[in-house]
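Colleague: mind folding the following:
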Amino acid sequence: MNKESICFMVGHAHIDAAWLWPVSETVEVCRSTFSSVLQVMKKYPHFCFSQSSAQYYEWIEKRYPEIFEQIKKRVKEGKWEIVGGMWIESDCNLPSGESLVRQILYGKRYFLNKFGVDVKIGWLPDTFGFCWTLPQIFKKCGIDYFVTSKLSWQTTLLFPYSSFWWRAPDGSRVLACQTIGPYNHTSLERLLKELNLLRKYQGINCLLFLYGCGDHGGGPTSELIETILDFRSQHSESEILFSRADDYFHKLEKINQEGKTLPVVNDELYLKTHRGTYTTQAGIKLNNREGERLLVNVEKFACLAEKYGSKYPQEELEEAWKKLLFNQFHDILAGACISEVYESSEREYAEIFKVGEKSLSSSLKQIAKNIDTQGVGYSILVFNPLSWERDGLVEVELSSLGNPEFVRILDEQGRIIPYQIMEKGEAKNLVFLARNVSSLGHKEYKIIPVTEKKCFSTDVTAICKKDTLQLENEFYRVSVGVKSGLLTSIYDKFNEKEVLDNSKRGGVFQIYEDFCLKESAWNIWLGALNELDKADGVSIVEEGPTRVSVRIRHIYKQEGRPNSIFVQEVRLYSDMPLVEFKVDVDWHAQHRTAKVAFPLNLYADEATYDIPYGSIERKNSTSSQANPTDRAKWEVSGLKWMDYTDKGKNYGVSLLSECKYGFDVKDNLIRMTLLRSPDYPDPSMMGLSELPPLLEDQGRHTFAYALYPHKGSWKQAHSIGKGYEFNYPPLVLTEPPHKGSLPKSFSFVKVYPEDVILETIKKAEDSESFILRFYETIGKRTQTEILFSEPILEAWETDMMERKISKLPIQGKLLRVKLGACEIKTIQIYK
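Modeller: Below is the predicted model:
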């Protein structure tokens, strides 16, 4: 080794926004850590410090302005390096793609506004794995580099690279570093060994070394710096520099330009541990999905309503987004914090929902005032938040219509629409299927009180045949065993195909012993299996022209614990190709994991999963073709859907998820993880005050999922669209008769082809223009056409920070935009 070998010593303080302590304590941790670092800088002029998370700086700015001013001075001097660019060090598997964009949008804007710094380094040392699309999001937000420390955590199958290019499906790439050792200070002796290995195997003569006390803050201390200085004096064969992280990346770029080829990782960065974090704390997972859906819907309809006199709630929405983003901090969303953190989180989500629902209601009402609802009876206005025409189930409280005993529902053509009445306690809801609701638009239905009930012919039925209850619509025949309460058959009538493996039964709840001895909130350790295959009651609970439903009750018994009750409704709808499951669980198990399993009558070596702004095909862990890394992925994350299609791409089944994120495939068995019951983390593991043992996720949980059997591949069947439709139901408003400029059925924005999904419409951050973000979903270069309801004046492609790249040609109401395979595109329009 010679002096050309360089170790870049980067001081930092990993601060968990919440973990074994409440958020209120983290504010004090930031104050004490930043104050300590500023003192160390006075003593050691050569010392540099790198710190992420805009939220922490905002806390200091508002509460300790004198410390904030000192930080600004050190940033200007180049001694304090701002890294990360995110609002908080987020989870990077479970948030939506738009949430990840907003993490960087709000984080980088804060740093630009307060410090004049355009952050270039993504900084997520402790996050539990990274979705494959993240490099594209980084690059389109102006982030060129990426640092993490976690990829070799708790596994013998170590991540093979220290320095590498990380590439997204669209080809975007960032220069990445997996640090040696953990993100806190580690053995300095390891430096020389790692430098030797890098030179030998990669021809690289530099590495990045993070030091500083972390988790509960602290950062570099005088003692640590003296230790490094002493080590440097004893090892003159290498250059050990106190530096910033960007110094390391600039050196790495120079090495790459000199012809030393760095390896390329064209995949997700899967963490081979902490698999339980996809499921633990079901409540925050549900709140996260609902919060993301609500805020995206609010923005879309607030933009549309602005033309009709509504004020876009920019400040309120930014505040709501920041609350949501904070609760996506990797320990919080993962379910790995003490109970006090989740009590605080519940309060913050309540504030998000209050602001969001008020804003959404205001926007929809403003649009509704301008719709022509003339004619006899009240209007039911059905709004579609998605960028394609779709069908959707509509439920309306009869009390909002004056509680008529009988009604007639008419569409805009005057056709009578079948419906049924569903009782919810004392309330009664009108249920019907809205057909062909315009993309990002609305459709009106008239509801007229009548004096007698009308009977409708229907293709959806429920009958009892000996020991089987059978549900049927035009697409499927579903059989449920009366004794077991399990699905014995799903027969696809259109394709003449049995969906389930006949040798097994579907929809079974599997309860595993899960005695993980270390970090049970994070990690799954599956033991003995108990399948709930004896029903405690099976009955038909709904029969109507819109929907039929069978209710099934199962009981899980565990010695020393109250019984856990699973109540499941299996539903079929008229004219909808889904088998839906609505589940209500009263969960009291201890150290258990619950899954739902569907054995399928097809076989494949891989399955596809929804990820932020994209999808990923993973080799099944039990496949004969699986390599060691594939076999380590025995529990994986997904967002709104996963799909299992046979080897010939002739037939498949998509599993749609309302709020669950953990999945696995074992041969032809697809499963979704529903609930866990680990111990809450114990603060004594960090030397903090011990809390009494307490189980997570106890009590009531309600959630839904659905099966979507289909001909061909998931791409041909538009499974991604079905996942969106399942998660973004139509929005409904009742309105009295009045004149209006908008027709009874209307689309504000249409997007072609259907493989391009318009995820976001929002007001621009710095102008009166609008931002649209969409992405290509099937890995095929395409040209999308966006048709607006009125002419646009100007259009620009921008990056995700809303900085202009190139002007786009427009043709009145029409905008054509080219997209690469798997590309996420942002455009700015002026009206």
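Colleague: buried residues, the helix or strand encompassing residue 539. List them.
Modeller: Residue 539 is part of strand 538-543 when elements are defined by DSSP states H and E. Under the neighbour-count criterion of 16 or more other C-beta atoms under 10 Å, strand 538-543 has 538, 540, 542 buried. Using the backbone N, CA and C atoms, a C-beta is placed for each residue, glycine as well.
Colleague: pick the one among these closest to residue 511.
Modeller: Nearest to residue 511 out of these is residue 538 (C-beta to C-beta; 19.3 Å).
Colleague: now do the contacts for the closest one.
Modeller: Applying C-beta atoms under 8 Å, 6 or more residues apart in numbering, we find residue 538 in contact with 469, 480-482, 485, 550-553.
Colleague: just send these back as CSV, with distance to residue 649 too.
Modeller: Listed next are these as CSV, based on distance: C-beta to C-beta, whole Å:
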residue, distance to residue 649
469, 33
480, 30
481, 32
482, 37
485, 34
550, 32
551, 36
552, 33
553, 39
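Colleague: keep only those of the residues you listed that are in helices.
Modeller: With DSSP state H as the criterion, helices contain none of the contacts of residue 538.
Colleague: just the closest of the residues you listed to residue 716, please.
Modeller: So of those, ranked by how close each gets to residue 716 (C-beta to C-beta), first place is residue 480, at 29.6 Å.
Colleague: and the pLDDT at the residue lying closest to that closest one once chain neighbours are set aside?
Modeller: Residue nearest to residue 480 in three dimensions, not counting chain neighbours: residue 469, with 4.6 Å by C-beta to C-beta, 6 or more residues apart in numbering. Reported pLDDT at residue 469 in the predicted model: 97.
Colleague: look up how far residue 483 lies from residue 469.
Modeller: In this structure, residue 469 and residue 483 are 11 Å apart, going by C-beta to C-beta, to the nearest Å.
Colleague: which one of the two has more residues nearby?
Modeller: residue 469 (22 against 11; other C-beta atoms under 10 Å).
Colleague: is it correct that that one is in contact with residue 552?
Modeller: No - if you go by C-beta atoms under 8 Å, residue 469 and residue 552 don't touch, sitting 9.0 Å apart.
Colleague: between the two, which contacts overlap?
Modeller: Residues touching both residue 469 and residue 552 by C-beta under 8 Å, 6+ apart: 480, 538.
Colleague: which one of the buried residues of strand 538-543 is nearest to residue 657?
Modeller: Nearest to residue 657 among the buried residues of strand 538-543: residue 542, at 22.9 Å, using C-beta to C-beta.
Colleague: nearest spatial neighbour of the closest one, chain-adjacent residues omitted?
Modeller: residue 549 (3.8 Å).
Colleague: give me the number of residues near that neighbour?
Modeller: 20.
Colleague: look up which residues are beta-bridged to it.
Modeller: residue 542, residue 571 (DSSP bridges).
Colleague: and it, how far is that from residue 709?
Modeller: For residue 549 relative to residue 709 (C-beta to C-beta), the value is 19 Å.
Colleague: give me the packing partners of the helix or strand encompassing residue 656, helices and strands only.
Modeller: Using DSSP H and E, residue 656 falls within strand 651-657. Packing partners of strand 651-657 (3 or more C-beta pairs under 8 Å, 6 or more residues apart in numbering; DSSP states H and E): strand 641-645, strand 669-676, strand 699-711, helix 714-717, helix 719-727.
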